[in-house]
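Colleague: give me coordinates for this.
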Amino acid sequence: MRAAIFDIDGTLLDSVDLHARAWVEAFAHFGIETDQARVRSQIGKGGGELMPVFLSQDRIEREGEAIEAYRSDLFKRSYLPEVRPFPSVRPLFERIRADGLTIALASSGKRAEVERYTDILKIGDLVDVSTSSDDAERSKPHPDIFQAALTKLGATASDTIHVIGDTPYDAEAAAKAGLRTIGLLCGGFPEADLSAAGCVAIFRDPQDLLDGYARSPLAAR
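Modeller: This next block holds a predicted model:
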């Protein structure tokens, strides 16, 4: 099988800053002072992996579910309406499908969020399978979400299946699942960080990947 497995936030949607703002506001609501730049550097992980960076295990056990629920509701109410796709996501997906690849989405977000994002991106008819945090016991940088995507695809890891993501956590999780990652810079992580995490190719954004598709690892050889 030839397939492309896409992360969503920061890869297809310009949403990383919005998620960071929601986390900072949610933490502040519970009396936790933090810095947006530091929070932003953790976006790409699920809440279960992000919160331990800022909270003790005892506090997570006491308030973790409440903090996550507050953040989720806050994001939907205040920030989701501001989320916009990066340019040329649908043309990129059309190009990939025309080249004979299967397309999967693999996000650390909840299933309802992934469904909403798919609508915002207008790519539902081009996506074969989707996975979310509901399909995985652990979020990135653990491999669970990508392993779930492989299961839904009915595939095993191979060098003809690539993950496309914007964070080192995507690349780390993909590598643990036996997959190679194409990195995109539009999520805000430095190119050096993506390279160090193991990305086999790096492009600026979906438009750049579309423009350079023929020389990308996705293209048929």
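
Colleague: contact partners for the closest residue to Ala220 other than its chain neighbours?
Modeller: Nearest residue to Ala220, sequence neighbours excluded (Cβ to Cβ, 6 or more residues apart in numbering): Asp99, at 5.9 Å. Quick note: C-beta positions are derived from backbone N, CA and C, even for glycine. Contact analysis of Asp99 by Cβ atoms under 8 Å, 6 or more residues apart in numbering lists Arg2, Tyr213, Leu218, Ala219, Ala220.

Colleague: narrow these to those that are buried.
Modeller: Buried members of the contacts of Asp99, scored by 16 or more other Cβ atoms under 10 Å, are Arg2, Leu218.

Colleague: show me which of the contacts of Asp99 is closest to Pro141.
Modeller: Leu218 (22.7 Å; Cβ to Cβ).

Colleague: can you classify the closest one as helix, strand or coil?
Modeller: When classified by DSSP: H, G, I helix; E, B strand; the rest coil, Leu218 comes out as coil.

Colleague: any idea how far it lies from Val114?
Modeller: 22 Å (Cβ to Cβ, to the nearest Å).

Colleague: please apply the same query to Pro168.
Modeller: In terms of Cβ to Cβ, Pro168 sits 21 Å off from Val114.

Colleague: okay, now Leu12: neighbour count?
Modeller: 30 (other Cβ atoms under 10 Å).

Colleague: hmm, which two among the contacts of Asp99 are most spread apart?
Modeller: Counting by Cβ to Cβ, the most remote pair of the contacts of Asp99 is Arg2 and Tyr213, 13.3 Å apart.

Colleague: which parts of this structure belong to which domain?
Modeller: As assigned by automatic domain parsing, the chain contains the domains 3-14+84-215, 16-82.

Colleague: and those domains, which is most packed in?
Modeller: domain 3-14+84-215 (a mean of 20; mean count of other Cβ atoms under 10 Å).

Colleague: show me how far stretch 142-156 is from its chain's centre.
Modeller: Distance, stretch centre to chain centre, for stretch 142-156: 14 Å (Cα atoms, centre = their mean, to the nearest Å).

Colleague: try stretch 101-108
Modeller: 10 Å.

Colleague: show me what contacts Leu150?
Modeller: Thr156, Ala157, Ile161, Ala177, Leu179.

Colleague: am I right that the second one is in a strand?
Modeller: No. Membership of Ala157 in a strand is not supported by three-state DSSP, which gives coil.

Colleague: if we can go back for a sec, dump the domains of the chain to JSON lines, plus mean pLDDT.
Modeller: As requested, the domains of the chain are exported to JSON lines (pLDDT from 0 to 100):
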{"stretch": "domain 3-14+84-215", "mean pLDDT": "96"}
{"stretch": "domain 16-82", "mean pLDDT": "95"}
